[in-house]
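In: Build me a model from this:
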Amino acid sequence: MALRTETDMETGVALVTLDRPEKLNAIDLATAAELTAVWQAFRFDDGVRAVVVTGAGVRAFCTGIDRGVEVPQPSSPYTIGDPLIAIGPKANDLWKPVIAAVEGMACGGAFYLLGEAEFVIASEEATFFDPHTTYGMVSAYEAISMAQRMPFGEVARMSLMGTAERVTARRAYETGLVSELTAPGGAVAAALRAAEVIASYPTRAVQGTVRAVWSAKEAARAQAMAHAPHLIALGNLPPERQGELFRGRGGNEFRMR
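Out: As a prediction, this is how the structure comes out:
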């Protein structure tokens, strides 16, 4: 199992941990399936009233798709296989509040999870970046998710600069991606404290509020997401060329912002 789930039945808070620290908590197909299953299970578990999602260790929250994974693709030019499309709570119709706790790197496919959390708490040492363009891939779902949380220019810069630039936790806080900064190693504890407060309130009112907040931007988000697979199909380099760029990443330098 690449996912650890612990539920405190007294507080009603579940802690979901991506547990592949040796892979910087990158998501393979098995982990993607586990995430989908856990969100769906929480829909029916009345003992869970709030959730914290994090990554094991301090090096990374999540670095997106595991590059060692082979993703089968349909032959139709009108569809694209994306194993991360259903790893988030909202994609699985879960409206119980989810808080993301970030230590270390959060990049690429991590934004599927961050984009579907109610809010993000991060360590001061956390960093955020989107490597897609560097490796000849369109940042579509990730950029759309971040556009719901950050100013347009900040999303565009992060999405276009690729691996050349990392957004610091302080900058992420200033631009609205992160709602609270903690000392190194303190993100999970802070997220659990917030989750415990929320879980102590009547859950129907909480879930209704979550749904109301999301409805404010849902139409625009859904319309943008509908374009994503077509943009990816048109703009991505062939997988073998992506692999060449990825293998040559060792010399890439980046700066913090």
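In: what residue lies at the spatial centre of the chain?
Out: residue 113 (2.5 Å; C-alpha atoms, centre = their mean).
In: confidence score at it?
Out: Listed pLDDT for residue 113 reads 97.
In: thought it was touching residue 62?
Out: Yes: the pair residue 113 / residue 62 is scored as a contact, 6.4 Å apart, by C-beta atoms under 8 Å. From N, CA and C alone the C-beta is placed, and that goes for glycine too.
In: which SS class is the residue nearest to the centre of the chain?
Out: Classification of residue 113 using DSSP: H, G, I helix; E, B strand; the rest coil returns helix.
In: who touches it in this structure?
Out: Residues in contact with residue 113 (C-beta atoms under 8 Å, 6 or more residues apart in numbering) are 35, 53, 62, 87-88, 100.
In: mind listing which of the residues you listed are in strands?
Out: 53, 62, 100 (DSSP state E).
In: got JSON lines for those residues, with distance to residue 40 too?
Out: Shown next, in JSON lines, are the ones in strands among the contacts of residue 113 (distance: C-beta to C-beta, whole Å):
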{"residue": "53", "distance to residue 40": "15"}
{"residue": "62", "distance to residue 40": "20"}
{"residue": "100", "distance to residue 40": "19"}
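In: Which one of these is nearest to residue 27?
Out: Using C-beta to C-beta, residue 62 comes nearest to residue 27 of the ones in strands among the contacts of residue 113, at 6.6 Å.
In: Please name the nearest non-neighbouring residue to that closest one.
Out: Nearest residue to residue 62, sequence neighbours excluded (C-beta to C-beta, 6 or more residues apart in numbering): residue 110, at 3.8 Å.
In: Pretty sure residue 54 is one of the things that neighbour touches, is it not?
Out: No: Residue 110 is not in contact with residue 54 according to C-beta under 8 Å; the separation is 11.1 Å.
In: Have a look at the two and say which one is more surrounded.
Out: residue 110 (30 against 25; other C-beta atoms under 10 Å).
In: which strands and helices sit next to the longest helix along the chain?
Out: Secondary structure assigned by DSSP state H gives helix 203-235 as the longest helix of the chain. Applying 3 or more C-beta pairs under 8 Å, 6 or more residues apart in numbering; DSSP states H and E, we find helix 203-235 packed against helix 141-147.
In: in the protein, which spans are helices?
Out: Using DSSP H, helices in the chain cover 29-44, 110-114, 141-147, 152-161, 169-174, 187-199, 203-235, 239-247.
In: buried ones in the last one?
Out: So the one you mean is helix 239-247. The neighbour-count check on helix 239-247 (16 or more other C-beta atoms under 10 Å) flags residue 242 as buried.
In: Show residues contacting it.
Out: Counting by C-beta under 8 Å, 6+ apart, residues outside helix 239-247 touching it are 67, 134-137, 236-237.
In: Quick one: low-confidence residue ranges for the stretch 101-250 of the chain.
Out: 249-250 (pLDDT under 70).
In: measure the residue nearest to residue 62 to residue 230 for me?
Out: Distance, residue 110 to residue 230, using C-beta to C-beta, to the nearest Å: 23 Å.
In: re earlier: looking at the helices of the chain, which is buried most?
Out: Highest mean neighbour count of those: helix 110-114, a mean of 27 (counted as mean count of other C-beta atoms under 10 Å).
In: isn't residue 139 right up against residue 132?
Out: Yes: counting by C-beta under 8 Å, residue 132 is a contact partner of residue 139 at 3.8 Å.
In: Overlap in contacts, these two.
Out: By C-beta under 8 Å, 6+ apart, the residues touching both residue 139 and residue 132 are residue 159.
In: what's around the spatially closest residue to residue 109 that is not a sequence neighbour, how many residues?
Out: In space, and not counting its chain neighbours, residue 109 is closest to residue 64: 2.9 Å by C-beta to C-beta, 6+ apart. Neighbourhood size, residue 64 [other C-beta under 10 Å]: 24.
In: OK, contacts around residue 64?
Out: 26-27, 84, 107-110, 131.
In: how near is it to residue 137?
Out: Counting by C-beta to C-beta - residue 64 and residue 137 are separated by 10 Å.
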